[in-house]
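Novice: Predicted coordinates and the sequence they were generated for:
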Amino acid sequence: MAMGTQTRAVIALILTYAVLGLLMNSVGVVILQSIRHYAVTKTHASSLEACKDLSVVAASFLLATRLPAFGFRRALIASMLIVGAGALLMSIANAFWMTQLFFVVTGICFGTGKVATYASIGLLRPDRAGHASLTGLVEGVFMVGVLIGVWMFSWFIGADATGTDWLHVYWLIAGLCAVAAGLWAITPLDESKAEPESAAAKSAGWRQMLRLLALPTAIAFLISIFLYVLIEQSIGTWLPTFNNEILHLPPEMSVQASSIFVAALAIGRLGASALLRRIHWLKLMLACIVCVAALVLVTLPTTQGLTLRPGVGWLNAPIAAYVFPLIGVFMAPIYPTLCSVMLTSLPQERHAAMVGLMVIFSALGGTIGSFLTGMIFQHLSGQNAFYMTLIPLTLIAIALIRFDRMIGRGPKGAVPVDAVS
């Protein structure tokens, strides 16, 4: 593959994955808008998380093994065209049922796109160093896409004069999808090394995944991953609504302020990569859990009794709007570090099966976490909804200690930090 063609393929890959990340992480903003404009309950609005995550699970089960035969490049083009068409329908339909359908489609395309993206990284950068570098770049731009999405949605919400103008953001998203699909259409990708698996190989793959579920280390790991994503998605999804209804921030600022949490996750992930060279992973993870719990216990009491005030802006917003999202700094290292420890404790040929289980348990954790948080938010309060994160946080600490005892420690306690969520 010529250098110019390969560079174009890398750009197409990054753009496609960033657009999918933008949409997958827009669910919190859309929940806020659904509550405000479609008059749905918080519990009903939380179904959007299920639409998104359960579709990812379905795609992982039903489509992943078929992608080599279909073609990774064609799968990415199809994902962009389907999501782009869904975005146009979102801007026209202006109904909650369409929002649910759109997130079902987005989840399926993301599940398909993630498999195709990671498989394509191996085709573009087969060497270990190049693969790690491109994976880091793709995942880094993924986070940038999430941040851009938060501010892009907030801008359209702030400029909404009719109650439906915010849906015009989907015209822009459809345009991005068209650009990505068009770029892939003119960019060849050599997929000759990714030959379709035989029926016997597919069957063995499913058996291998089931065998992993019988390993005590895998059980402890998957429980930890499930609980972590439950917490992260609960906060990420409901933080815009918390900012609006509990902190009484304007709708557009509620969305913008939630980007602090996303930025904190990015900072925490980068910072941990340096610390893990010097500190054993379990010590760092337990310290992070303690810091998260401390921020929850210190910050949430300051949100009691806040009332709606005119002219609330960045200079006079409640301190919790800035401090509470910083828990992302301490949450961020948990997921990638756990994934790295688990994968490096397995032989290479079992990594794919474990990654499939990681995706499934992560999606289930996000769905259940968002639903439970929505119910507590609806029937009790936003503060109680976020206080409840202390329960799974404690369970994670217990599971981590158990997990560490089962896998044993390396000679220096070093842990690779290339894994990303």
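Specialist: Yes, it's here.
Novice: Only C-alpha atoms from now on, for both contacts and neighbour counts.
Specialist: Noted.
Novice: Tell me which residue of the chain is furthest from the middle?
Specialist: residue 310 (34.3 Å; C-alpha atoms, centre = their mean).
Novice: mind listing what it touches?
Specialist: When the contact criterion is C-alpha atoms under 8 Å, 6 or more residues apart in numbering, residue 310 has no partners at all.
Novice: For stretch 316-334, measure first residue to last.
Specialist: Using C-alpha to C-alpha, to the nearest Å, the end-to-end distance of stretch 316-334 comes out at 33 Å.
Novice: Counting neighbours, which bits of that stretch end up buried?
Specialist: For stretch 316-334, the neighbour count (16 or more other C-alpha atoms under 10 Å) marks 317-318, 320-321, 323-334 as buried.
Novice: so which of these comes closest to residue 387?
Specialist: Lowest distance from residue 387 to these (C-alpha to C-alpha) belongs to residue 324, with 11.8 Å.
Novice: which element is the closest residue to the closest one other than its chain neighbours on?
Specialist: Setting aside the residues directly before and after it, residue 324 is nearest to residue 299 in space (C-alpha to C-alpha, 6 or more residues apart in numbering), at 6.0 Å. Taking DSSP states H and E as the definition, one finds residue 299 inside helix 281-299.
Novice: Just checking, which helix or strand succeeds that helix along the chain?
Specialist: The helix or strand immediately downstream of helix 281-299 is helix 320-323, counting by DSSP H and E.
Novice: is it true that residue 402 touches residue 221?
Specialist: No - with contact taken as C-alpha atoms under 8 Å, residue 402 and residue 221 are classed as non-touching, separated by 9.4 Å.
Novice: Between these two, point out the one with more neighbours.
Specialist: Shown here are residue 402 and residue 221; by other C-alpha atoms under 10 Å, residue 221 has more neighbours (22 against 15).
Novice: from what I can see that one touches residue 404, true?
Specialist: No - assessed by C-alpha under 8 Å, residue 221 is found out of contact with residue 404, at 9.7 Å.
Novice: what mean pLDDT does the one helix or strand residue 237 maps to have?
Specialist: Per DSSP H and E: residue 237 is located in helix 216-245. Averaged over helix 216-245, pLDDT sits at 86.
Novice: buried set for that helix?
Specialist: 217-218, 220-245.
Novice: and residue 177, how many residues sit next to it?
Specialist: By other C-alpha under 10 Å, 25 other residues sit near residue 177.
Novice: and it, what pLDDT?
Specialist: Confidence score, pLDDT, at residue 177: 95.
Novice: Verify the stated contact: it with residue 18.
Specialist: No - the pair residue 177 / residue 18 is not scored as a contact, 10.3 Å apart, by C-alpha under 8 Å.
Novice: if we can go back for a sec, could I get the CA-only coordinates of the helix holding residue 299 as CSV?
Specialist: Only the C-alpha atoms of helix 281-299 are listed here, as CSV (Å, rounded to 0.1, in the frame of the first residue of the first chain):
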residue,chain,number,x,y,z
TRP,A,281,-1.3,-1.3,39.4
LEU,A,282,-3.4,-2.4,42.4
LYS,A,283,-2.0,0.3,44.7
LEU,A,284,-2.8,2.9,42.0
MET,A,285,-6.3,1.6,41.4
LEU,A,286,-7.2,1.5,45.1
ALA,A,287,-5.9,5.0,45.6
CYS,A,288,-8.0,6.1,42.6
ILE,A,289,-11.1,4.5,44.2
VAL,A,290,-10.5,6.3,47.5
CYS,A,291,-10.2,9.6,45.7
VAL,A,292,-13.4,9.1,43.7
ALA,A,293,-15.3,8.2,46.9
ALA,A,294,-13.8,11.3,48.7
LEU,A,295,-14.9,13.6,45.9
VAL,A,296,-18.4,12.2,45.9
LEU,A,297,-18.7,12.5,49.7
VAL,A,298,-17.3,16.0,49.8
THR,A,299,-18.9,17.5,46.7
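Novice: Residue 330 contacts residue 294, correct?
Specialist: No - counting by C-alpha under 8 Å, residue 294 is not a contact partner of residue 330; they are 10.8 Å apart.
Novice: Now do residue 191 against residue 121, distance only.
Specialist: Look at residue 191 and residue 121: by C-alpha to C-alpha, they are 11 Å apart.
Novice: Looking at those two, which one has more neighbours?
Specialist: residue 121 (20 against 15).
Novice: secondary structure element for that one?
Specialist: Per DSSP H and E, residue 121 falls inside helix 96-124.
Novice: Which positions within that helix qualify as buried?
Specialist: 96, 98-124.
Novice: any idea of the mean pLDDT in it?
Specialist: On average, helix 96-124 scores 85.
Novice: can you check stretch 155-162 too?
Specialist: Stretch 155-162 carries an average pLDDT of 77.
Novice: Not counting its own residues, what contacts it?
Specialist: Outside stretch 155-162, the residues that touch it by C-alpha under 8 Å, 6+ apart are 165, 166, 167, 168, 169, 251, 252.
Novice: Those in strands, which ones?
Specialist: Judged by DSSP state E, the contacts of stretch 155-162 include no members of strands.
Novice: Show me the helices in the stretch 1-150 of the chain, by range?
Specialist: Counting by DSSP state H, counting those that start in this stretch, residue ranges of the helices within the stretch 1-150 of the chain are 3-24, 27-37, 42-45, 47-62, 67-70, 72-93, 96-124, 128-158.
Novice: Tell me which of the ones you listed lies nearest to residue 265.
Specialist: Closest approach to residue 265 among the helices of the stretch 1-150 of the chain (C-alpha to C-alpha): helix 128-158, 8.8 Å.
Novice: who touches stretch 73-88?
Specialist: 16, 67, 102, 105-106, 109-110, 112-113, 116-117, 170-171, 173-178, 180-182, 184-185, 189.
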